[in-house]
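Student: What follows is a predicted protein model with its sequence.
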Amino acid sequence: MRDLLGQIKVALDINLYYCALFVSLSLPDICGAMESADGVATGDKYKKWVDDYVAHKYSGLITGEDCYFFRCSLLHQGISHHPKSCYSRVIFVEPLATTNILHCNILGDALNIDVRIFCRDILEGAEQWLERVENTEVFLKNYDKFMRRYPNGLRPYIIGVPVIS
């Protein structure tokens, strides 16, 4: 799990904002599933996770439901607006594009967020969540099935080269 979080940080550091954003938006699904008895992601688990770990940083501009709608539209259609969202779209400003930080603004009917700050807020929530759950029985059961990197291969399938499985 920490490998995944680390790779999102690297993506942000080298300005791979699409990659960082797409994966960051999937983290609440993964976290919600990893701490549930059935190990399955649901919209309600996603929304609760965002409300518990991220929404408080956005002064009411983002709720778990808002983030879920954005996640659905971006991950499934590649668009920044969802018909059920209270915003017409989400506009992410890339860092370094301006000397100003444009974050947590409403521009007409659109939500404006700094992409790096948003991804880091989700990452921080995931790190706090992981500290809380990583030694629980439910997490350990689900983590056993979690896709991860094996630097020396995965016996008996591939040996001696890194794989992800």
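Tutor: Nice, I can see it. Numbering: from 1, shown residues only.
Student: next one: stretch 37-51 to chain centre, how far?
Tutor: Computed by C-alpha atoms, centre = their mean, to the nearest Å, the chain-centroid distance of stretch 37-51 equals 12 Å.
Student: so the spatially most central residue of the chain, which of the three states?
Tutor: For the chain, the residue whose C-alpha lies nearest the mean C-alpha position (C-alpha atoms, centre = their mean) is Ser24; its distance is 2.4 Å. Secondary structure, DSSP: H, G, I helix; E, B strand; the rest coil: Ser24 is helix.
Student: again with Ile106
Tutor: Classification of Ile106 into helix, strand or coil gives strand, according to three-state DSSP.
Student: could you list every residue that touches it?
Tutor: 61, 87, 112 (C-beta atoms under 8 Å, 6 or more residues apart in numbering). All C-beta atoms are positioned from the backbone trio N, CA, C, and that covers glycine.
Student: Of those residues, which belong to strands?
Tutor: Residues from those lying in strands, with DSSP state E as the criterion: Asn112.
Student: Buried members of the contacts of Ile106 into ChimeraX, please.
Tutor: A single ChimeraX command selects the buried members of the contacts of Ile106 (16 or more other C-beta atoms under 10 Å):
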select :61,87,112
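Student: As TSV, the contacts of Ile106 with distance to Tyr53 and pLDDT would be great.
Tutor: Output for the contacts of Ile106, formatted as TSV (distance: C-beta to C-beta, whole Å; pLDDT from 0 to 100):
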residue	distance to Tyr53	pLDDT
Leu61	16	95
Tyr87	21	95
Asn112	22	95
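Student: quick one: the strands in the chain?
Tutor: Using DSSP E, the strands assigned to the chain run over residues 89-93, 105-107, 110-114, 149-150, 153-154, 158-159, 163-164.
Student: To Tyr143, which of those lies closest?
Tutor: Of all those, strand 149-150 sits nearest to Tyr143, with 13.7 Å by C-beta to C-beta.
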